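**Student:** Quick one: sequence plus predicted model below, questions after.
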Amino acid sequence: MNDLSPTDSLDSFAALLTPEGLALLGEVRGTGPAAELAVATRLRRDHPAALVSAAIAQARLRQRAAAKFGAEDAERMFFTPNGVEQSTRASVATYRAARFAALGVESVADLCCGVGGDAIALARAGIRVLAVDRDPLTAAVARANAAALGLSDLIEVREADVTDVDVAPYDAVFVDPARRGGRGRIFDPEAYSPPLSWAVGAALKAPRAALKIAPGVPHEAIPAEAEAEWISDGGDVKEAVLWFGTEPGAVKATLLPGPRTLLGRGLPDPTVRPPGPYLYEPDGAVIRAHLVAEVAAGLDGGLLDPHIAYITADSLRPTPYATAYEITDHLPFNVKKLKALVREREIGVLTVKKRGSAVEPEELRRKVKPHGPHSATVFLTRIADAPTMLIGRPV
């Protein structure tokens with residue numbers, strides 16, 4: 001079954017909000033892919049086929065959205081395919097809303113609001129929100145979500161072009177430009193919709209502002225007036241945010257849950273040194289923020305290679321900003337040697353991590369054929385320009 005088509009999606013969505021549509025959503029809740037056809041056939045005996053298709057499509061979107069919004073909220077909310085894909089994870093939106101609240105912000109113009117994920121988090125933090133999106137269906141979904149979660153008193157949804165919105169009455173602006181087009185992800189910030197330059201201009205007109213951008217944004221594209229923050233959740237990098245009206249020029253990596261925030265100190269690159277008994281793998285947000293030097297300094301460590309973000313150190317020190325491994329073996333890369341070592345130590349679970357190596361982890365595991373009750377991690381990297389494997393375990 002296909003998701004709602006562009007030609008009838010707004011009408012189909014409106015039908016879902018009727019008593020009949022809401023009742024159907026209750027009936028199809030939790031329907032798995034294998035049962036969709038049988039459920040649809042049964043329900044079409046008493047309901048319009050288009051409405052049944054829309055309800056099942058929405059149930060499927062809710063199941064996908066549970067990973068971002070949590071099952072309780074996702075089962076009450078409404079989504080579009082793009083809305084599920086592009087919306088902010090609830091944990092990240094909640095963290096950002098808390099930052100706004102701590103800054104004394106009481107009202108936010110949320111431009112390019114999507115299905116309303118950030119608006120919901122802001123409203124739950126007690127902040128009044130104007131949520132704006134130019135797409136009629138997206139705006140309708142955001143409005144329905146505010147109502148479904150009991151937040152309509154704090155969230156006003158407006159269907160409009162964000163460039164036409166007067167943000168002067170609001171304490172802060174939040175902009176989440178579209179970073180996907182017909183050909184997929186957009187990497188050029190000026191190809192965002194609206195472009196990053198327009199978003200920065202809008203931010204500079206407000207007392208406070210935050211712009212959500214892709215974590216791979218070139219550092220040279222960050223304006224001097226902005227604080228740049230990279231955010232990861234559970235070890236996965238989710239986004240970068242440019243803050244205005246906070247700490248111009250600051251660079252941060254924030255790790256969720258926590259939050260734990262590492263502030264850049266402008267340290268020089270760490271020295272390169274031979275492998276020690278411990279290897280530290282920095283969190284992705286630390287790497288994207290170019291703050292590996294700050295982590296290495298706290299560990300009294302150095303780099304295995306000047307261009308690879310693996311830190312080596314002589315001692316084990318707790319840090320939230322990197323995962324520590326005890327290294328037992330340091331060998332030139334050789335599949336036969338690795339296979340023999342894995343067999344000798346009865347390693348059945350082999351985790352393969354790589355930086356600076358062209359070897360594919362799955363292909364390596366296929367060749368090595370791990371078998372046994374033990375586990376290990378192998379790092380494929382370069383040391384002094386030579387392909388190298390370091391074997392160890394997390395500690």
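**Tutor:** Noted; the coordinates are in hand. Numbering: from 1, shown residues only.
**Student:** mind checking which helix or strand the residue nearest the centre of the chain is in?
**Tutor:** The residue lying closest to the centre of the chain (Cα atoms, centre = their mean) is Lys238, at 2.3 Å. Using DSSP states H and E, the element containing Lys238 is strand 236-244.
**Student:** And the contacts of that strand?
**Tutor:** Residues outside strand 236-244 that contact it (Cβ atoms under 8 Å, 6 or more residues apart in numbering): 88-89, 92, 96, 99, 200, 203-204, 206, 208-215, 217, 222-223, 225-232, 284-285, 288. In this view, the C-beta of every residue, glycine as well, is placed from N, C-alpha and C.
**Student:** Just the buried subset of those residues, please.
**Tutor:** 88-89, 92, 96, 99, 200, 203, 206, 208-215, 217, 222-223, 226-232, 284-285, 288 (16 or more other Cβ atoms under 10 Å).
**Student:** Cross the residues you listed against helices and list the overlap.
**Tutor:** Taking DSSP state H, the ones among the buried ones among the contacts of strand 236-244 that sit in helices are Val92, Arg96, Arg99, Val200, Ala203, Gly284, Ala285, Arg288.
**Student:** The fifth one and Lys212 touch, don't they?
**Tutor:** The one in question is Ala203. No. Using Cβ atoms under 8 Å, Ala203 is not in contact with Lys212, being 11.3 Å away.
**Student:** which residues are in contact with both of these two?
**Tutor:** With Cβ under 8 Å, 6+ apart as the test, Ala203 and Lys212 both reach Val175.
**Student:** Without its sequence neighbours, what residue ends up closest to Val359?
**Tutor:** Leu380 (5.3 Å; Cβ to Cβ, 6 or more residues apart in numbering).
**Student:** if I look at the one you found, how far off is Glu344?
**Tutor:** 20 Å (Cβ to Cβ, to the nearest Å).
**Student:** Looking at the two, which one has more neighbours?
**Tutor:** Between Leu380 and Glu344, counted using other Cβ atoms under 10 Å, the more crowded position is Leu380 (21 against 9).
**Student:** Next, the contact list for Glu326, please.
**Tutor:** Pro277, Tyr278, Leu316, Gly392, Arg393, Val395 are the contacts of Glu326 under Cβ under 8 Å, 6+ apart.
**Student:** Angles on the backbone of it, please.
**Tutor:** Main-chain dihedrals, Glu326, degrees, to the nearest 10: phi -90, psi 120.
**Student:** cool, Val115 as well?
**Tutor:** As for Val115, its main-chain torsions (degrees, to the nearest 10) stand at phi -80, psi 0.
**Student:** ok, how many other residues are close to the residue lying closest to it once chain neighbours are set aside?
**Tutor:** Closest residue to Val115 apart from its sequence neighbours, by Cβ to Cβ, 6+ apart: Gly83 at 3.6 Å. Counted with other Cβ under 10 Å, the neighbours of Gly83 add up to 23.
**Student:** where in this protein is pLDDT low?
**Tutor:** Residues of the chain meeting the criterion pLDDT under 70: 1-8, 179-184, 186.
**Student:** I'd assumed the residue nearest to Val115 was in a helix, is it?
**Tutor:** Yes. According to DSSP: H, G, I helix; E, B strand; the rest coil, Gly83 belongs to a helix.
**Student:** need the contact list for Ala250.
**Tutor:** So Ala250 contacts Glu227, Ala228, Leu263, Gly264 (Cβ under 8 Å, 6+ apart).
**Student:** Quick one: neighbours of Gly234, just the number.
**Tutor:** With neighbours defined by other Cβ under 10 Å, the count for Gly234 comes to 10.
**Student:** so it makes contact with Asp283?
**Tutor:** No. Between Gly234 and Asp283 there is no contact under Cβ under 8 Å: 10.1 Å.
**Student:** neighbours of Pro48, just the number please.
**Tutor:** Residues near Pro48, counting by other Cβ under 10 Å, number 14.
**Student:** excluding its backbone neighbours, what's nearest it?
**Tutor:** Per Cβ to Cβ, 6+ apart, closest to Pro48 is Ala15, 7.9 Å.
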